[in-house]
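[1] how would this look folded up:
(one chain, ligands or ions: 1)
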Amino acid sequence: MEIQRPRGTRDFLFNEMKERKCVESTMRQIFETYGYGEIKTPIFEELSLFTTKSGEGIKDQIYHFQDKGGRDLALRPELTAPVARMYIKELQKTPKPVKMYYFGSCFRYERPQAGRFRQFWQFGCELIGGKSPGSEAEVISMAAHCLEELGLKDFEIHIGNLGILRNILNDANIEGDMQDQVMGIIDKGDVNELANLLEDIEVDDNSKELLLKLIGMKGNSSIIKDVEALINCSEHACNALFELEELLKSLEAFGFSDYVVNLGIARGLDYYSGTVFEIYVHGLGAQKQISGGGTYNLIEVFGGENVESTGFAFGFDRVMDALKKQEKSIETKPSVKVFVAPIKNDLKLKAFEIAQKLRKNGISTDVDLVGKKLKKILSYADTLKIDYVVLVGARDLEEGNVTVKNMISGEQEIVSIENIAESLKHKLGT
Ligand code: HAM
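    Here you go, the predicted model:
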């Protein structure tokens, strides 16, 4: 019987893991440059953490179960709610702002397809207790900085403000669940479905026309004036637009002006309250969104203080896909540098001893464990792209030496066992 991998999950082999590690470490380095510290939360949480704000409907989209004690639990579909829960318990008294980043797997019960998995990874951050628009501008600039550092080209950062759409909907008396339903359709980007729904719920023609126009508005900062002309009937929507304008000014100060103002961004998760943004790479097709985030109000919803919070998460797997599609080579160096080869099987204990000496000196080393013939060891070392093979032979050993073979030039040199670690460190430049 062949046991299959669960649908929507993947195995990652050596090279892919190396590439992922490399990208992860670049992200880590950039996030830490901006003053973020890493945190970790559990893979599963109480189910209510995800249903409190999003409603029971979210259960269809996540993995949830009862444990043996009858507790309702869920595999986390994302990390903002877990971080908000943790913040309330552990960090409310910490001086603000609190800047946290995370890297971990998330689980969603989705229809698997290219770029859409049931287990996927997010690399993200939450900035709690900052002030908008400065915090939002910093977070967006950090996302752009990360992608530039990774060498990703042709990504677009689209920025909107939910307050504009939500206030127009309030003015049209579309509130509560109905408003969330409308926002959900806007998030899907289905204009026809939206037009039909607005028709069905008998929204007046002016509001309907205004909404359909607004969600199609995209461009640089110059569209702010056009939007203002459209919405000047609504004071609250104008205030949200003003916030957006202030954010764009802060972004300029952070040196980032390559954004697209996009009023059609609604975000799938319903905890966002103001600024929202998404990053797209068009070459990825339907799953082009490699990141999403914005300002949200979850902490108060969970019974904590009223504190401004903003953040975003990269869909790590999609960033990897985008880098690969753009044929961006991710430099992965072979991890093992040295191979210790006993010339005869009866010298294997000496080979183990020498390998261990090198490892204790911080040199990544492999040693023959299976009694391969020397020719096989050399070809194996070649496949592993090993720099040096240490040949352990009886004659050399009599004089306390081994032979070090450079696998690129083929040159050989006799080195005393006493100096082997120093000599290899020197050769490897470490
Ligand atoms: P999200 O947009 O739902 O936001 O997810 C963030 C990113 O995760 C998406 O932009 C996408 O790239 C990736 N992603 C989502 N679902 C899948 C999937 N099934 N397979 C592969 N990748 C996927 C959040 O989760 C928010 N918690 C982000 C945030 C942080 N907002 C504020 N702080």
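
[2] got a list of what the closest residue to Ala114 other than its chain neighbours touches?
    Leaving out its chain neighbours, the residue that sits closest to Ala114 by CB to CB, 6 or more residues apart in numbering is Gln287, at 6.4 Å. C-betas here are computed from N, CA, C, even on glycine. Gln287 makes contact with 113-116, 318, according to CB atoms under 8 Å, 6 or more residues apart in numbering.

[3] filter those residues to the buried ones?
    115-116, 318 (16 or more other CB atoms under 10 Å).

[4] burial count for Glu331?
    7 (other CB atoms under 10 Å).

[5] My guess is it contacts Val23. True?
    No - the criterion here is CB atoms under 8 Å, and Glu331 misses it with Val23 at 11.0 Å.

[6] among the contacts of Gln287, which are in helices?
    Those of the contacts of Gln287 mapping onto helices are Arg318, per DSSP state H.

[7] Which ones among the contacts of Gln287 lie within strands?
    Assignment to strands by DSSP state E places none of these there.

[8] Adding pLDDT and distance to Ile88, write the contacts of Gln287 out as JSON lines.
    What follows is these, written out as JSON lines (pLDDT from 0 to 100; distance: CB to CB, whole Å):
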{"residue": "Gln113", "pLDDT": "95", "distance to Ile88": "36"}
{"residue": "Ala114", "pLDDT": "93", "distance to Ile88": "38"}
{"residue": "Gly115", "pLDDT": "96", "distance to Ile88": "33"}
{"residue": "Arg116", "pLDDT": "97", "distance to Ile88": "31"}
{"residue": "Arg318", "pLDDT": "98", "distance to Ile88": "30"}
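
[9] near the ligand, from the contacts of Gln287?
    When CB under 6 Å from any ligand atom is applied, the members of those adjacent to the ligand are 115-116, 318.

[10] now Lys288: how far from Arg318?
    From Lys288 over to Arg318 the distance is 8 Å, taken as CB to CB, to the nearest Å.

[11] can you check Tyr109 too?
    18 Å.

[12] Beta-bridge partners for the residue of the chain found nearest the ligand, please?
    Nearest to the ligand in the chain, going by CB to the nearest ligand atom, is Gly315, at a distance of 2.1 Å. When assigned by DSSP bridges, Gly315 has beta-bridge partners Gln122.

[13] Give me the most central residue, the protein.
    Phe123 (2.6 Å; CA atoms, centre = their mean).

[14] isn't it right next to Phe312, touching?
    No - look at Phe123 against Phe312 with CB under 8 Å: they stay out of range, at 9.8 Å.

[15] so who does Lys218 touch?
    Contacts of Lys218 (CB under 8 Å, 6+ apart): 158, 260-264.

[16] out of those residues, which is most surrounded?
    Leu263 (28 neighbours).

[17] ranges for the strands of the stretch 251-400 of the chain?
    Remark: strands assigned in the stretch 251-400 of the chain by DSSP state E, counting those that start in this stretch are 259-262, 272-281, 289-296, 309-315, 338-342, 365-367, 388-392.

[18] For those strands, give me TSV that also has mean pLDDT.
    TSV is the format used below for those (pLDDT from 0 to 100):
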stretch	mean pLDDT
strand 259-262	97
strand 272-281	96
strand 289-296	97
strand 309-315	98
strand 338-342	97
strand 365-367	96
strand 388-392	97
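
[19] wait, is Glu209 part of a helix?
    Yes - judged by DSSP: H, G, I helix; E, B strand; the rest coil, Glu209 forms part of a helix.

[20] got a list of what it touches?
    By CB under 8 Å, 6+ apart, the contact list for Glu209 is empty.

[21] and the stretch 1-150 of the chain, which residues reach the ligand?
    So far as CB under 6 Å from any ligand atom goes, the stretch 1-150 of the chain lies against the ligand at 78-80, 108, 110, 115-117, 120, 122, 124, 126.

[22] of these, buried ones?
    Using 16+ other CB under 10 Å, the buried ones in these are 78-80, 108, 115-117, 120, 122, 124, 126.

[23] and which of these is nearest Phe277?
    Gly124 (12.7 Å; CB to CB).

[24] Are we agreed that that closest one is in a strand?
    Yes - under three-state DSSP, Gly124 sits within a strand.

[25] For the remainder of this discussion, apply numbering that starts at 36.
    Happy to do that; since the first residue is 36 now, the last one works out to Gly159.

[26] gap between it and Gly186?
    If you measure Gly159 against Gly186 using CB to CB, the figure is 21 Å.

[27] what about the stretch 86-235 of the chain, any weak spots by pLDDT?
    Within the stretch 86-235 of the chain, the set of residues satisfying pLDDT under 70 is empty.

[28] let's see 90
    Along the stretch 86-235 of the chain, segments meeting pLDDT under 90 span 88-90, 92, 211-212, 215, 223-225.

[29] Let me see the ranges of the strands in it.
    99-101, 107-110, 133-142, 154-163, 190-196.

[30] Please produce JSON lines containing these, extended by distance to Tyr307.
    Converted to JSON lines, the strands of the stretch 86-235 of the chain look like this (distance: least, CB to CB, whole Å):
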{"stretch": "strand 99-101", "distance to Tyr307": "23"}
{"stretch": "strand 107-110", "distance to Tyr307": "21"}
{"stretch": "strand 133-142", "distance to Tyr307": "17"}
{"stretch": "strand 154-163", "distance to Tyr307": "13"}
{"stretch": "strand 190-196", "distance to Tyr307": "10"}
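
[31] which ones are touching the residue of the chain closest to the ligand?
    150, 155-157, 324-326.

[32] Please apply the same query to Ala178.
    Counting by CB under 8 Å, 6+ apart, Ala178 touches 192, 312, 314, 326, 328, 347, 349.

[33] ok, of the residues you listed, which come out buried?
    The neighbour count (16+ other CB under 10 Å) marks 192, 312, 314, 326, 328, 347, 349 as buried among the contacts of Ala178.
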